[in-house]
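Undergrad: Got a sequence here, can you build the structure:
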Amino acid sequence: MKVAVFGGTGFVGKYILKSLINHNHDIYALVRNGSESKISDIDNINIINGEVDNNTSLDQTMMNCSTVIYNIGIIRQFKSKGITYEKLHFEFAKKVIDRAAHYNIKHFILMSANGVKEHGTGYQSTKYRAEQYLKDSGLNYTIFRPSLVFGRPKNDQEFCTQLRDTMLKLPIPAPIFFPGINITKAGNFSMSPIHVENVADFFVKSIQNEKHYMQTYELGGMKSFNWKEIISTISSALKKNKLMIPAPVMPIKLVAGLLDRFKFFPITRDQLTMLLEGNTCDSKDLFSDFDITPLEFNTKNLSYLRQK
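TA: Okay, here's the model as predicted:
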């Protein structure tokens, strides 16, 4: 199958490319000039150098394909550099969807996120709008909404690695956030971590399988963990016994509101908002439906954290 990939050089994208190769697909990946080195299996991929906002680049990428995967996204924006949720999650997605409709693409697969909503954070609302635009496009679509994605990064940002570097390596207790003034709620929010290899396989195994058309799937692991359990599991993987201390989120949000436009600040106001909302789903039946073996969130599958 000929598959066009947009967003193949990031954390999840590299695993999607690997899974596509393992399943013997013919891959056409749009890659920005200078980013070719981010792809390890370049000999097995048709690279098209260009930009998403250029119709010629889009046409060269998808004109011979029957499936499109859109996986472009960011976890934080830097407006001063033109890196925004609006542009990457919605405007670029809209442009690719329009060109896919022009070429009568048989199947469009969209990376979204668990918890997206119309009136949420900028991250959530732009992904929600991309979903709605795709649903209204007339294309056969499959939308995936992963919870927390973990796994060995390949020089990319990854939640557990970032948590290790910005919190767990520091010689201070790990903060267990709570909203308001009720300290008993500290760390009660939960997530359903799913391994990046599993996410990639869900994408690839859905390709042109008609039972997955017009479907939106929430993807999570086999078990949900609250914040304290996530900190404990990652600490155990690092062979550390990390102390934890309740921390009111409001003062941190105020500081983040002032500093999160700078790359050195480890977390944004919106990320704190979404963290406290929680991010869980039950995907147990999906693993059997897609014939995928779950890679669980445990110390064994987090062993990469002990490497630099």
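Undergrad: Which stretches in this structure count as helices?
TA: For the chain, the helices defined by DSSP state H occupy 11-22, 55-62, 85, 92-102, 122-135, 159-163, 196-205, 227-237, 249-259, 269-277, 284-289.
Undergrad: To I45, which of those lies closest?
TA: Relative to I45, the nearest member of the helices of the chain by CB to CB is helix 11-22, separated by 6.4 Å. C-beta coordinates here come from the backbone N, C-alpha and C atoms, glycine included.
Undergrad: Just grab the bridge partners of L30 for me.
TA: For L30, the beta-bridge partners are F6, I48 (DSSP bridges).
Undergrad: was I right about it contacting A4?
TA: Yes: between L30 and A4 a contact is recorded at 7.4 Å, counting by CB atoms under 8 Å.
Undergrad: which stretch in the helices of the chain has the least confidence?
TA: Note on the helices of the chain: helix 249-259 shows the lowest mean pLDDT, a mean of 82.
Undergrad: Tell me which of the helices of the chain sits nearest to I109.
TA: Closest approach to I109 among the helices of the chain (CB to CB): helix 196-205, 5.8 Å.
Undergrad: which residues touch the closest one?
TA: Helix 196-205 is contacted from outside by 11-12, 15-16, 18-20, 22-23, 25, 69, 71, 109, 111, 144, 146, 149-152, 158, 217, 219, 221, 286-287, 290-292, 294-295, using CB atoms under 8 Å, 6 or more residues apart in numbering.
Undergrad: now swap in stretch 269-283 and tell me
TA: By CB under 8 Å, 6+ apart, the residues outside stretch 269-283 that reach it are 75-76, 114-115, 120-124, 145, 147-148, 177, 179, 189-192, 194, 217-222, 224, 227, 249, 252-253, 256-257, 260.
Undergrad: Surely E131 is in contact with K117?
TA: No: with contact defined as CB under 8 Å, E131 does not count as touching K117 (10.3 Å).
Undergrad: Only whichever of the contacts of stretch 269-283 are buried, select them in ChimeraX.
TA: Restricted to buried positions by 16 or more other CB atoms under 10 Å, the ChimeraX selection for the contacts of stretch 269-283 reads:
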select :75,76,114,115,120,121,123,124,145,147,148,177,179,189,190,191,192,194,217,218,219,220,221,222,224,227,249,253,256,260
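Undergrad: hang on, the earlier thing: can I get the helices of the chain in CSV with distance to I42?
TA: Below are those laid out as CSV (distance: least, CB to CB, whole Å):
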stretch, distance to I42
helix 11-22, 10
helix 55-62, 15
helix 85, 29
helix 92-102, 22
helix 122-135, 28
helix 159-163, 24
helix 196-205, 18
helix 227-237, 31
helix 249-259, 38
helix 269-277, 33
helix 284-289, 31
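Undergrad: of the ones you listed, which approaches R306 most closely?
TA: Closest approach to R306 among the helices of the chain is made by helix 227-237 (7.0 Å; CB to CB).
Undergrad: Can you flag the buried ones in the contacts of helix 196-205?
TA: The neighbour count (16+ other CB under 10 Å) marks 11-12, 15-16, 18-20, 25, 69, 71, 109, 111, 144, 146, 149-152, 158, 217, 219, 221, 286-287, 290, 292, 294-295 as buried among the contacts of helix 196-205.
Undergrad: I'm done for today, thanks for sticking with me.
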